[in-house]
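# Pasting the sequence and the predicted coordinates here, then a few questions.
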Protein chains: 2
Amino acid sequence: MLDDRKLAVLRAIVEDYVSTNEPVGSKALADRHNLGVSPATIRNDMAALEEQGYIHQPHTSAGRVPTDKGYRLFVDRLSQVKPLSAAERRAIETFLAGVVDLDEIVMRTVRLLAQLTRQVAVVQYPSLTRSSVRHVEIVPLAERRVMLVLITNTGRVEQRVVDLPEEVTDDRIAHLRAVLNACLDGCGLSSVPETVADVPERLPAEDRPVAATILSVLLETLVERHEEKIVFAGTANLAAADFSVGLRDVLEALEEQVVLMRLLGETGGLSELTVRIGSENPYTGLRGTSIVAAGYGSGDKELARLGVLGPTRMDYPVTMGAVRAVARYVGQILAGS
Amino acid sequence: MLDDRKLAVLRAIVEDYVSTNEPVGSKALADRHNLGVSPATIRNDMAALEEQGYIHQPHTSAGRVPTDKGYRLFVDRLSQVKPLSAAERRAIETFLAGVVDLDEIVMRTVRLLAQLTRQVAVVQYPSLTRSSVRHVEIVPLAERRVMLVLITNTGRVEQRVVDLPEEVTDDRIAHLRAVLNACLDGCGLSSVPETVADVPERLPAEDRPVAATILSVLLETLVERHEEKIVFAGTANLAAADFSVGLRDVLEALEEQVVLMRLLGETGGLSELTVRIGSENPYTGLRGTSIVAAGYGSGDKELARLGVLGPTRMDYPVTMGAVRAVARYVGQILAGS
DNA sequence: CTTGGCACTCGGGAACACAGAGTGCCAGAG
DNA sequence: CTCTGGCACTCTGTGTTCCCGAGTGCCAAG
């Protein structure tokens, strides 16, 4: 059905269209790529490709443009992820050197990725539920008020102010803290609920109401899907790539956390690239855009995802290379901190 | 020079232009506003207004458009800040009800403001340097590693991991923590450096190296201009308001923290509105945009600023009303939490 | 299967005309 | 001195027409 030459033609069309942003005709193809055949032959191949939905012509007698299906085939079978240049690698290192806290890691990463790909970068904060407890702290603020601080192994810090049902001495707080930490240290966040279930029993009866209050807030903290926190950068790049339609829609989608979450997609393998092309993605406002995403994490566990969003007409090999490299590098940083 | 009627004409021009986005001519003015005079008279006034630079005509025989100077006069003398409707007030309350931490307050505020004004909203995090210490916590993580957590009265939490020069027992850490908190509780962040200067002296000699390490990190935390953290939302509104030129430039400016800082401007009085119109603002990429900003804070101290950014052709009275209301409301929330 | 030739299609730019909105100015009225 | 109606003039934006050229599909021959 699709012999090698037809595939070569498709590849050439994608490459040319990506670089020129203009429909590409048979003559131009024959000139710029040495396919060894005449324009007429290419025309026949193009007709076949169009027949099968890989390319499309905007109007009779204009060149051809790849369809989403065409890009899909290109990504799956006709291209190789392009590794970063040495200069780009160095840029990553200097950009991420000397970060001090999680916010900064995420912030710099998203900018780095936007700059590297010249597209909109999207980074999800390391998921709460998939990380584990490093420490729990209970800080007395006033007689009947404490602050609960939860620190995870990813460096994430969540805190809540808790109003207590009664006055509590610092000693009793300290004891509760010790018990909690003994239970929870290193405990995966998803298993916190079971783990703390029997904490009240280990305490003197008088402390139980207070402990219950604090524990309920702790559990609330876990439930709130703060894990969905997502940031993006590089929207200016959208304006540059003269978007066919709906710059507005794209900007709206970017501000919807829920949409973004779904775009980044469900977890694949760690550092494994996911590409969603145009109509493949679940949101109608993003018809003309593609998403290249990857998971990142420390060690071998995927903690969250990151990626870029750009026009379907993007340079997939380069973009995929950048996303993969950044995902890996962020993983290292997280593991090392 | 500018009698009352000329001012009325200018006001009418601004109002019409804002609502129609088309140059406004003498006839239309005479029809829509009952100024009690004929178009010919209005034409004369317009000529005078143009003479003095308040309005401008894109081409001969098109209507007039206000200049930046015209908008300035309008804002200063011809308009009154428009209070929010009851529905809008309710929207603010429900939007900001039940927030749990600072991040959430800021996040919701910026979205609220964007939605309310249908423009790009910008909110600065409460400044670190202008707030005060609520609590300092030192959490042992490993033998030679602690986490330093600083909690401010605005609910902001900064944390750093500190590597210690030697092993330290929990008791000694606890003591250090007690001493630190005794000194710093309620201390304005800007005066922390002097306040902690004599802490080492109050400790046994053996603890001083550790204390010094921790203190130096604490001071670093204060110096890092995290206070410049700024978020924005509502960029989709930019795309809707068909921007005359440079959507791209605007998006770029928004991603430059430094530029944003300067746009929000230096502190005025608390809840006092600052308006920068077009060329008045310090960044060339934003020629066609205006900024309406206000300070917010708890009690009577300004902690940070917030505002919106939109085309110079914006509805100033309404926008100013929204910004002022939100600034006040956020102040209350901060004070109450 | 490939190739050169050829007639055909269609989008986009240039040239042009035209209607309508808006202006400036002037002379007369209050 | 100010306001008003009238009038000639100047633009822009729009619609029309026309034409060029790129690109195609098809066909018959190699």
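Cool, the structure landed. Numbers count the residues shown, from 1 in each chain, chains lettered A, B, ... in the order given.
# what sits up against stretch A:45-65?
The contact list for stretch A:45-65 (CB atoms under 8 Å, 6 or more residues apart in numbering or on different chains) reads A:1-2, A:5-6, A:9-10, A:13, A:17, A:22-26, A:28, A:66-67, A:69-70, A:73. Heads up, the C-betas are built off the backbone N, CA and C, glycines and all.
# One more pass at 10 Å, please.
Applying CB atoms under 10 Å, 6 or more residues apart in numbering or on different chains, the external contacts of stretch A:45-65 come out as A:1-3, A:5-10, A:13-14, A:16-17, A:20-29, A:35, A:37, A:39, A:42-43, A:66-74, A:312-313.
# Give the PyMOL command for selecting the buried subset of those residues.
Buried members of the contacts of stretch A:45-65, defined by 16 or more other CB atoms under 10 Å in any protein chain shown, are picked up in PyMOL with:
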select buried, chain A and resi 6+7+8+9+10+13+14+16+17+23+24+25+26+28+29+35+39+42+43+66+67+68+69+70+71+72+73+74+312+313
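# Just the contacts of stretch A:45-65: which are in strands?
A:P66 (DSSP state E).
# Sort out which of the contacts of stretch A:45-65 are in helices and list them.
A:5-10, A:13-14, A:16-17, A:20, A:26-29, A:39, A:42-43, A:68-73 (DSSP state H).
# excluding its backbone neighbours, what's nearest A:A8?
Nearest non-adjacent residue to A:A8, counting by CB to CB, 6 or more residues apart in numbering or on different chains: A:L35, 6.1 Å away.
# for A:F232, same thing?
A:V122 (4.7 Å).
# Next: A:I138.
Sequence neighbours aside, A:R177 is the residue nearest to A:I138 in space, at 4.8 Å (criterion: CB to CB, 6+ apart).
# tally of neighbours for the one you found?
19 (other CB atoms under 10 Å in any protein chain shown).
# Tell me the secondary structure at A:V292.
strand (DSSP: H, G, I helix; E, B strand; the rest coil).
# any idea how far it lies from A:Y17?
18 Å (CB to CB, to the nearest Å).
# what do you get for A:G278?
Look at A:G278 and A:Y17: by CB to CB, they are 14 Å apart.
# Common neighbours of these two, please.
A:66, A:71, A:313.
# Is A:A325 in contact with A:R90, as I believe?
No - between A:A325 and A:R90 there is no contact under CB atoms under 10 Å: 11.8 Å.
# so what sits against both of the two?
Counting by CB under 10 Å, 6+ apart, the residues touching both A:A325 and A:R90 are A:L84.
# more crowded one of the two?
Counted by other CB under 10 Å, A:A325 and A:R90 do not tie: A:A325 has more neighbours, with 20 against 11.
# in a strand, that's where that one is, yeah?
No - applying three-state DSSP, one finds A:A325 to be helix, outside a strand.
# Name the secondary structure element that contains A:L141.
strand A:133-142 (DSSP states H and E).
# Any buried residues in that strand, and which?
Neighbour-count burial for strand A:133-142 [16+ other CB under 10 Å]: A:133-140.
# what stretches of chain A score poorly on pLDDT?
A:224-227, A:242-245, A:267-269, A:271, A:337 (pLDDT under 70).
# can you map out the helices along it?
Using DSSP H, the helices assigned to chain A run over residues A:4-20, A:26-32, A:39-51, A:68-73, A:86-96, A:102-117, A:170-184, A:192-196, A:208-223, A:235-240, A:247-254, A:257-264, A:316-336.
# Nearest to B:R111 among those would be which one?
helix A:257-264 (10.4 Å; CB to CB).
# Pull the residues that contact the closest one.
Contacts of helix A:257-264 (CB under 10 Å, 6+ apart): A:122-124, A:225, A:227-232, A:252-254, A:256, A:274, A:276, A:281-283, A:285-286, A:289, A:291, A:293-295, A:304-307, A:309, B:107.
# rerun that using 7 Å as the cut-off
Helix A:257-264 has contacts (CB atoms under 7 Å, 6 or more residues apart in numbering or on different chains) with A:122, A:124, A:228, A:230, A:253-254, A:281-283, A:291, A:293, A:305, A:307.
# With stretch A:148-159 instead?
A:101-102, A:126, A:128, A:131-139, A:147, A:160, A:162, A:189, A:214, A:217-218, A:221, A:226, A:303, A:334, A:337, B:101, B:147, B:149, B:157, B:159.
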